[in-house]
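In: predicted structure and sequence below. I'll ask about it afterward.
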Amino acid sequence: MNIYISGLNFSTSEADLNELFSEYGEVSSTKVILDRETGRSRGFAFVEMPDDAAAQKAIDELNGAEYDQKTITVNVARPREDRPSGGNRDRRGGYNSNRRY
């Protein structure tokens, strides 16, 4: 199960999260999301656990808990949705090519 954690302290590391979630079962992977420009944490992460029951127990017990001086939100990660490519603009400066003038 893939777990989404938000509200993290910017100093929380992948090793910290691995240790925290390992208390509930085996952890397959841990990924703190970093800002592309600064390299700093964006305050959220993903943890993957192969045992769904252990993962659900971690979610139930850690959601709303205080961790590293912050209250964290923990829930099942949703699949990433496709984002629109930027609207209905064309190469002529932003008008819809189907529009009549």
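Out: It's in.
In: can we go C-alpha only for contacts and neighbour counts from here?
Out: OK.
In: grab the longest strand from the protein for me.
Out: When the chain is parsed with DSSP state E, its longest strand is strand 41-48.
In: okay, the angle between the longest helix seen in the chain and strand 41-48?
Out: In the chain, with assignment by DSSP state H, the single longest helix is helix 52-62. Interaxial angle, helix 52-62 versus strand 41-48 (axes from the mean of the first three to the mean of the last three CA atoms, to 10 degrees): 140 degrees.
In: for helix 52-62, buried residues please.
Out: Neighbour counts using 16 or more other CA atoms under 10 Å place 54-56, 58-59, 62 of helix 52-62 among the buried residues.
In: as CSV, those with pLDDT would be great.
Out: Output for the buried residues of helix 52-62, formatted as CSV (pLDDT from 0 to 100):
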residue, pLDDT
54, 97
55, 97
56, 97
58, 98
59, 98
62, 98
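In: tabulate the residues you listed (CSV), appending distance to residue 78.
Out: Output for the buried residues of helix 52-62, formatted as CSV (distance: CA to CA, whole Å):
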residue, distance to residue 78
54, 18
55, 14
56, 14
58, 17
59, 14
62, 18
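In: closest one of these to residue 4?
Out: When these are ranked by distance to residue 4 (CA to CA), residue 59 comes first, at 9.2 Å.
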